[in-house]
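A.B. asks: I'll drop the sequence and a predicted model, then ask my questions.
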Amino acid sequence: MAGSSKEMEKVLLRTADGGSFVVSRCVAAAMVAISCEVEAGEGEREGGILVPNVTRPVLAKILRFLHIHVEMAPSLYPITLERFDKEFLNVSVDFLYHILLAAYHLKIVSLRDLVCQKVADMMKGKSIDEIRTTFNIPNEYTAEEMAKITKKYPWIFDQQLDDEKGISVEKDKNIENEGTSKGKHKRTADELGSVEKDNHIENKKGTNREEEIHVESKEGASTGKDKQIEDKEEREGARRRRHSE
Amino acid sequence: MENRWDFLEWLGPDTSTTVFMRLEDAADLARAIAVSRSWRQFVIMNSFSKNLCLKICPEASKFSQIVEVNSSTTDPEVGSSTATEWRRMEREHRIYMYLLHCIVSPKGFRDCILHCIGASSTDNFPDESIENTLEPSDRVDMRPSYWSSSGQRDPGVPESLTYRLGSDLCVINEIKIQPFKAFFQIGHPIYSAKSVRFWMGHSKLSPELESASYLSDENEGQLTAVDNYVWTYISPEFPMLQENILQSFKLPRPVLCIGGVVKIELLGRVQKQAIDDLYYICVCHVQVIGRPLSPVLAVNILEGDGGSILKYFPGARDLGGWHAFGARHGQMGAAGGCNQAVLNTLLEPVLFADDGDVSGEEDSFPEPAL
């Protein structure tokens, strides 16, 4: 159990790029990939344990996570841990990947799951172009190829087609809102690439995001709130709040 | 390090799989395949859409095969086995994406009951038969309209009402039941049940046996016998109120009814009839609220434990298909057994999802490099 004297003994951890950390045994053992060495007492030897596959700044970050989650957790409220996690992952995308890769190699399942969820959240509810921007992925598709792909999923990409046919089994507020939300979706010419030529697809995507957020939250009232959200960051925050419900 | 933060490149297949498996919205998966060629290949080859479908509706695991049916002539599969496998995976991905859309879409809800199959028991056949539960009102032309079970001394004896839905494949969200208040008896007793549970699946009997003209006091027992059905979903138990209102029982998640049969199990009796001191359950009206998936999706149920075949008809938006289906059931249930009003509603095309011009054309633009 954490807190017993053996658990609180200090061990030395080093990284290949010269990092050196003294931590409690229980924290070191949480990195399952080196837990055998920790149990064998190698962390108390002069050279300590060389932690593979991780640089100094990344290990520092991981040890901070483990200190909170392993040593401090029993005395913290769950909400405090949640707030810590959220703040902890508020880093650049490439640093996030370094943490995730290290968590994978060091076999820290809880951290790996947490970061995977964060990466998934970075995709949720975003349009194709927004996803490309977030992950810095250039558009490799031609307009023809994009049209071919989106054509196969008309129920997602072609909301406008439904409206033209006058379909609405139930009153769908999103169809009424389509006119107002069309102009709100901001894109640059570069981001759009070849899709820009087809204004219909562009507008449909803009409306679809609104429609999909409506589907996720399943509340007609939320569509009204969407109309008022102008700033993109506020929209992001709103989306994340809904996801965390 | 290059400026590209594509996690598929950074994290490797295992971790990338963990990331994609955490997407809960089919639309996110749909957009993912449009992001880049490598994302498209990864999402399709790892069956994430199928996984998400099974996560939401575990009964979808009953589909042992999925098939796309096109009106255009399909060329025999040519090309390398890799190319064939890719096309198969891409088709499977597309079909599961459509199924996902059907399951979660908030549009197109309606009462899906086509006709009654039978009740576990009926007190006075045909005056108090299950057919009356299709009628929303508790009286028709001054005559009371309700189903009554037979009487029992033991209040623990359950009853059931079994219905055929308008499509062999439906997504069901909610069931509504109104117990019957005997307005012609002193005290206006309400003959509800203590709780209800819902069963969904398919019948092993031939369709002709279900026509209303065939349903009678004698064969009702055979029609509703447990052995004649395979149930792929059993709901939790819901408490029922002893109130003369149309009570709504929302299922905890959307359910795929594979086979088009719904059984409402009425558990525990609460009301005795004064004249004979026996417990009865009486129901005024039933609705099964959901979305029929024909004609775009259909299912062939294989005998024994062979599972079932999910069929996808991407071009099927024609009304002809609907009318033929409705006519067949109309003939079977013509003698007042089929709810004509419901049938008319079902004959309208299900327009909640626009199928566009989605055809099963093969990809002719270059496949991503493996």
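C.D. replies: Alright, I've got the coordinates.
A.B. asks: how far away is residue B:17 from residue A:116?
C.D. replies: Distance, residue B:17 to residue A:116, using Cβ to Cβ, to the nearest Å: 9 Å. For glycine as for every other residue, the C-beta is placed from the backbone atoms N, C-alpha and C.
A.B. asks: the two: which has the busier surroundings?
C.D. replies: Higher neighbour count among residue B:17 and residue A:116: residue A:116, with 23 against 16, using other Cβ atoms under 10 Å in any protein chain shown.
A.B. asks: quick check, the more buried one in contact with residue B:18.
C.D. replies: Yes - counting by Cβ atoms under 8 Å, residue A:116 touches residue B:18, with 4.4 Å between them.
A.B. asks: pLDDT value on the residue of chain A at minimum distance from chain B, please?
C.D. replies: Nearest residue of chain A to chain B: residue A:154, at 3.2 Å (Cβ to the nearest Cβ). On the pLDDT scale, residue A:154 is placed at 82.
A.B. asks: before we move on, what SS does the residue of the stretch 151-300 of chain B found nearest chain A have?
C.D. replies: Closest residue of the stretch 151-300 of chain B to chain A, Cβ to the nearest Cβ: residue B:291 (9.2 Å). At residue B:291 the chain is in strand, as set by DSSP: H, G, I helix; E, B strand; the rest coil.
A.B. asks: what is the burial count for it?
C.D. replies: 24.
A.B. asks: and it, bridged to which residues?
C.D. replies: As for beta bridges, residue B:291 partners with residue B:171 under DSSP bridges.
A.B. asks: surely residue B:21 touches residue B:50?
C.D. replies: No - between residue B:21 and residue B:50 there is no contact under Cβ under 8 Å: 11.5 Å.
A.B. asks: who has more neighbours out of these two?
C.D. replies: residue B:50 (21 against 15).
A.B. asks: helix or strand: which one has the nearest residue in space to the more buried one that is not next to it in sequence?
C.D. replies: Once flanking residues are discounted, residue B:50 sits nearest to residue B:96: 4.7 Å by Cβ to Cβ, 6 or more residues apart in numbering or on different chains. Take DSSP states H and E as the rule and residue B:96 turns out to sit in helix B:81-104.
A.B. asks: beyond that helix, next helix or strand please.
C.D. replies: Tracing the chain C-terminally past helix B:81-104 and defining elements by DSSP H and E, one meets strand B:110-111 next.
A.B. asks: what about the helix or strand just after that next one, distance to the chain center?
C.D. replies: Counting by DSSP H and E, the next helix or strand C-terminal to strand B:110-111 is strand B:113-119. Centre-to-centre, strand B:113-119 and its host chain are 14 Å apart (Cα atoms, centre = their mean, to the nearest Å).
A.B. asks: right, and the helix or strand after strand B:113-119?
C.D. replies: strand B:139-140.
A.B. asks: ok, and what's touching that following strand?
C.D. replies: With contact meaning Cβ atoms under 8 Å, 6 or more residues apart in numbering or on different chains, strand B:139-140 is reached by B:145, B:183.
A.B. asks: partner strands of that strand, with direction?
C.D. replies: strand B:143-144 (antiparallel).
A.B. asks: who does the following helix or strand past the strand it pairs with touch, helix- and strand-wise?
C.D. replies: Once the chain leaves strand B:143-144, the next helix or strand it forms, by DSSP H and E, is strand B:147-148. Under the contact criterion of 3 or more Cβ pairs under 8 Å, 6 or more residues apart in numbering or on different chains; DSSP states H and E, strand B:147-148 touches strand B:282-292.
A.B. asks: quick one, whatever helix or strand comes next after the strand it packs on and helix B:81-104 angle?
C.D. replies: Next along the chain after strand B:282-292, taking DSSP H and E as the criterion, comes strand B:297-301. On the basis of axes from the mean of the first three to the mean of the last three Cα atoms, to 10 degrees, strand B:297-301 is oriented at 110 degrees to helix B:81-104.
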